[in-house]
Every structure is written in structure tokens, then in C-alpha cells.
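[1] Predicted coordinates and the sequence they were generated for:
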Amino acid sequence: MAKYLLLKHFRGAPACANDVPMDQWTPEEISDHMQYMRDFAERLEKTGEYVDGQALAPEGTWVRYDGEGRPPVTDGPFAETKDLIAGWMVIDVDTRERAVELAGQLSAAPGAGGRPLHEWLEVRPFLTTPPTITE
């Protein structure tokens, strides 16, 4: 089994087919979307493929170390690109193909008008062994 991170981008990714921003959805559309996400996670729990997932608030701050004895430097609430990662899910599956298959299913979560978003999801494997450096 290998772990993969499925990242939901609400800004910074290619536009989805149903490209109505979530702040323009009705309360019912948001509720339906969130229920789809819960149902999807529940199905994966039953197959043993679900590890964890969370929605993220839109606020955030970039922080970096700026030297001994100096306070952290912040640039926020977002980076220059104004990307927004809206949430993530960790899955544990047998193959990369299964991770891509599940990301495709998750991409169909409903959005405005109840139509599937067909949003782009980023699928990233967990690093299992550090890269080998040769000189």
C-alpha cells in the first residue's frame, strides 16, 4: 500500500468545468458538496483506503525563519500567487492508478446548480525513501 495526498485547490489550479466560486453557491449547494465529501470518505473507510482528510479555512499566513534572535517573517495571508488549498485527503491504496481513479471520483463532487465540479485535484505520493544523491 502507498499513501497519496489528494489536494483540493480553490485557486491556483486550472479552472474546473463548473467554475462558479464557492462563495456564490447557495447554502444547500455547499451542504450537498460537503455531504458528497463525507460520503466519499465513508466509502473509502469501508475499503480501508481512507487515512484522513480536512477542509481548510481560507485564511493563512506564510512564515519563514529570519535568523537567530529575530522574529519570524510573515507574508500573508497568502503567497504572491494567491493560491488557496481548500482541503486535503490522505488515501492508502495499492497503486498509483487507484489513487488517480479515486481522485477522478472525488473531482465529481457537486457544485453550483448541483452539477459536478470536475475540478482538478493534485495527486501526490508520500515520500517513502529519501532521494539518493550521487556525485
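    Perfect, thanks for sending it. Residues are numbered from 1 along each chain as shown.

[2] Can you get me a residue count around the residue nearest to Glu119 when sequence neighbours are not counted?
    By the measure of CB to CB, 6 or more residues apart in numbering, the closest residue to Glu119 outside its immediate chain neighbours is Cys16, 3.7 Å from it. (C-beta placed from N, C-alpha, C; glycine too.) The local packing count at Cys16 equals 18, with neighbours defined by other CB atoms under 10 Å.

[3] What pLDDT is listed against Cys16?
    Cys16 is assigned a pLDDT of 84 by the prediction.

[4] residues contacting it?
    Applying CB atoms under 8 Å, 6 or more residues apart in numbering, we find Cys16 in contact with Ser107, Gly111, Leu117, His118, Glu119, Trp120.

[5] Please report phi then psi for Val90.
    Dihedral angles phi and psi of Val90 (degrees, to the nearest 10) take the values phi -110, psi 130.

[6] Just the element for the residue nearest to Glu119, please.
    Cys16 belongs to no helix or strand when elements are defined using DSSP states H and E.
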